[in-house]
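Peer 1: quick one, what's the 3D model for this:
(2 chains)
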Protein chains: 2
Amino acid sequence: MEAAITTLITQFKTCAGKDGSSSTLSKDEFHNLVTSQLPNFVKNASDSAAIDQLMVSLDENNDGELTFLEFWQLIGKLASKQGGFSQ
Amino acid sequence: MEAAITTLITQFKTCAGKDGSSSTLSKDEFHNLVTSQLPNFVKNASDSAAIDQLMVSLDENNDGELTFLEFWQLIGKLASKQGGFSQ
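Peer 2: This is a model prediction of the structure:
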């Protein structure tokens, strides 16, 4: 489990490090992460408007950037759905 | 990233399936998961009282069982700490 967690951290950092703050995801970085890393788990991963909307719903403080913990809530929901757990 | 998420789901299910409800972690299952899967990430993983206390802090509805999403909050905090993100 620790190796899987480390993988998620590393891949988040790789995507987050592309522009601006290296510890948060900008809109472009989030699009890139979803299409490259979560193409099957995120519904409509190729629909740019849907991804914009998804980002807004995750961005709790509405600063236009996703922190790791804001992003983590998405992964939890996706995992819960994939795993067949009740939401 | 999808493979890592699947690993976390599978390992949660393996631990959760040992007794009682197969979709939630009992106290024993949580102890087993922490010592077997998160020995380095959880502080005091071998201290039974500390793990009891950790479980109480995660069990939002106080039913003595951890759902996947309750457990996910722990993993998020551990990941955030490991990744050096501000809490």
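Peer 1: residue boundaries of the helices in chain A?
Peer 2: A:2-16, A:27-37, A:48-58, A:68-82 (DSSP state H).
Peer 1: for the third one, packing partners?
Peer 2: Spelled out, it's helix A:48-58. helix A:27-37, helix A:68-82 (3 or more Cβ pairs under 8 Å, 6 or more residues apart in numbering or on different chains; DSSP states H and E). All C-beta spots, glycine's among them, are computed from the backbone N, C-alpha and C.
Peer 1: nearest to residue A:11, out of these?
Peer 2: Ranking the helices and strands packed on helix A:48-58 by their distance to residue A:11 (criterion: Cβ to Cβ) puts helix A:27-37 first, at 5.8 Å.
Peer 1: list the contacts for the spatially most central residue of chain A?
Peer 2: Closest to where the C-alpha atoms of chain A average out (Cα atoms, centre = their mean) is residue A:71, at 4.6 Å. Residues counted as contacts of residue A:71 (Cβ atoms under 8 Å, 6 or more residues apart in numbering or on different chains) are A:12, A:25, A:58.
Peer 1: with respect to residue B:2, which of these is nearest?
Peer 2: residue A:12 (13.6 Å).
Peer 1: distance of residue A:86 relative to residue A:2?
Peer 2: Note on residue A:86: its distance to residue A:2, by Cβ to Cβ, to the nearest Å, is 27 Å.
Peer 1: those two: who's more crowded?
Peer 2: Neighbour tally, residue A:86 and residue A:2, criterion other Cβ atoms under 10 Å in any protein chain shown: the higher count belongs to residue A:2, 15 against 8.
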